[in-house]
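*Asks:* next come a sequence and a model predicted from it.
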Amino acid sequence: MAIPLALIAAITLADVITPREITLSPLLVTAPAITASFAGPWLTGLVSVVTIADEVLLGLRNEMLATRPMQTQLAALVVVSAFLVIFSFVRDRHQEELIRVRSVSEAAQRALLRPLPAGLGPLRLASVYLAAEEEAQIGGDLYAAARTPTGARVVIGDVRGKGLPSVSDAALLLGAFREAARRHATLPDVVLHLDESVRADLEEHAEEFADACENFITAAVLDIPDDRQVVEVIDCGHPPPLLLRDRQVMTLQVAQPAPPLGLGELSQPGYHVQTFDFRAGDTLLLYTDGVIEARGDAGVFYPLAERVTAWPGDGPETLVEHVRDDLLAYVGGRLGDDAAMVAIQRLPEREPG
C-alpha cells in the first residue's frame, strides 16, 4: 500500500510546486490502477476515495474545479475507479473458486495415487511423480505397493494416452491391483486379474470412446519375498527395472516379456515369472518411459542408466530425489510426458536378539 499512497503524495506535491497552467492531477488515476493489481476491492476502493478527494482538493486550490476540463477529469476518475473496484471483486471471486477447485482436485489425486509406505517388511520405499500437465499432480502413470503374508508386491505402469481418460484407466488398474495383490497367491494370477480388469473396462467403454479398443497399459509387477533375497518380475511391455549394487547398475531385462495389460489375448497362455537376485543393500529403481524418453536441448534421450551412477547411495529417498533433480535439469525444467519413479531398497537382516 505504500506504493500507491506514495504515488498520490508525489503527484500532489509536483502539482503544487508547478505553475497553475500545468495540471498533473490526471496522473492520479495510476494510484487506484496499481492498487487493483495486487489488492482486493476494499483497499482498491479506499485508495480510489483518497485519489478522488485529492483530485477535488487540487481543483479547489487551482480554482479549476468549476471548469469543464476539471469536471471531465473528475468524472473519468470516478468511472475508472468504479471499474477497478468491480474488477478486483470479480477477480477475487474467481481466485476463491479456483482455490476450492484445486483443493478438491488435489484431494482426489492423493486418494487415487496414495503415497507409498516408507517401509514394507525388510524393504524401504520412496517414490516421485512428475506430471506433464500444468496444475496436475498425477496423470497416466501409476504405482502402488501392498503387503502380503509372505512379502511385498509392487506395480508400476503407464497408461497409453494423456488427460482425464488416462487418469481414469490408472484409477481402474490401481484398484484392481490393491484387490488382487492380497487375494491371489501367485504373481501370474495377479497379472492375469489386472489384464482381465483392463480388458473388461475397455469393452465397456468401446462405444463411448472410438479408440478404446486401442488402449493398453504397460506395467511391471514385482513380488519381493521376505524369506528369500530375490525379486520376481513379470514385465508387460514396460521399461525394465534397474538394480543398483555397489555403485554398479544392472538392467533386469526379462527373457519372455508379456504384452501390455489389455492385450493379454495376444500372448501365449500364462505369464512367465523371471527371478533375479535382490540382496541386502541392493536398490531397485522402477520408472516409466517419461523418464527415459525425456529429451535434452540436443534432442538426446535422458541416459538414466548412466546418470544414476552419480547417486551417492544413501537410501531410496535420495535416489529418487537425485534422478528427479537431474532429469529436470537435463530437460530444462519441463517434461513432455508424465514421469514416475519408485526406489526399493532391501535392508540388511537383523541380528538375532
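*Replies:* Alright, I've got the coordinates. Numbering: from 1, shown residues only.

*Asks:* please count neighbours and contacts with C-alpha atoms only from this point.
*Replies:* Fine.

*Asks:* so where's the stretch 1-150 of the chain shaky on pLDDT?
*Replies:* Low-confidence segments of the stretch 1-150 of the chain, defined by pLDDT under 70: 105-111, 132-139.

*Asks:* can we see that at 90?
*Replies:* Scanning the stretch 1-150 of the chain for pLDDT under 90 picks out 1-41, 44-45, 47-48, 51-77, 95-116, 121, 129-142, 148-150.

*Asks:* where do the strands sit along it?
*Replies:* Secondary structure of the stretch 1-150 of the chain, counting by DSSP state E, counting those that start in this stretch: strands at 119-120, 123-130, 141-148.

*Asks:* out of those, flag the one nearest Val323.
*Replies:* strand 123-130 (9.6 Å; Cα to Cα).

*Asks:* mind listing what's buried along that closest one?
*Replies:* Residues Leu123, Arg124, Leu125, Ala126, Ser127, Val128, Tyr129, Leu130 are the ones in strand 123-130 that count as buried (16 or more other Cα atoms under 10 Å).

*Asks:* how about the contacts made by His184?
*Replies:* Shown in contact with His184 (Cα atoms under 8 Å, 6 or more residues apart in numbering): Val190.

*Asks:* quick check: it vs Asp235, distance?
*Replies:* 18 Å (Cα to Cα, to the nearest Å).

*Asks:* cool, Pro241 as well?
*Replies:* Going from Pro241 to Asp235 by Cα to Cα gives 9 Å.

*Asks:* who has more neighbours, these two?
*Replies:* For Pro241 versus Asp235, the count of surrounding residues by other Cα atoms under 10 Å is larger for Asp235: 29 against 23.

*Asks:* surely that one is within a helix?
*Replies:* No. Using DSSP: H, G, I helix; E, B strand; the rest coil, the secondary structure at Asp235 is strand, not a helix.

*Asks:* find the residue closest to it in space, skipping its chain neighbours.
*Replies:* Ala220 (4.5 Å; Cα to Cα, 6 or more residues apart in numbering).

*Asks:* could you look up the SS state of that neighbour?
*Replies:* strand.

*Asks:* wait, it sits on Arg153?
*Replies:* No. Ala220 is beyond contact range of Arg153, at 10.7 Å (criterion: Cα atoms under 8 Å).

*Asks:* okay, these two: which has more neighbours?
*Replies:* Ala220 (27 against 24).

*Asks:* got the contact list for the more buried one?
*Replies:* Val155, Ile156, Gly157, Val233, Ile234, Asp235, Cys236, Gly237, His238, Pro239, Pro240.

*Asks:* would CSV of those residues with distance to Phe276 and pLDDT be doable?
*Replies:* Listed next are those as CSV, based on distance: Cα to Cα, whole Å; pLDDT from 0 to 100:
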residue, distance to Phe276, pLDDT
Val155, 16, 95
Ile156, 18, 95
Gly157, 20, 92
Val233, 8, 96
Ile234, 11, 95
Asp235, 13, 94
Cys236, 17, 92
Gly237, 18, 91
His238, 17, 94
Pro239, 16, 94
Pro240, 12, 95
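
*Asks:* distance to Val300 added to those, as TSV?
*Replies:* Converted to TSV, those look like this (distance: Cα to Cα, whole Å):
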residue	distance to Val300
Val155	28
Ile156	25
Gly157	24
Val233	29
Ile234	29
Asp235	26
Cys236	26
Gly237	22
His238	20
Pro239	18
Pro240	20
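
*Asks:* what comes up buried for the helix or strand containing Ala329?
*Replies:* Taking DSSP states H and E as the definition, Ala329 sits inside helix 315-331. Within helix 315-331, the residues that count as buried by 16+ other Cα under 10 Å are 315-317, 319-324, 326-328, 330-331.

*Asks:* show me the shaky parts of the stretch 201-350 of the chain.
*Replies:* In the stretch 201-350 of the chain (pLDDT under 90), the answer is 201-217, 227, 246-247, 256-257, 261-271, 290, 295-299, 309-315, 332-339, 348-350.
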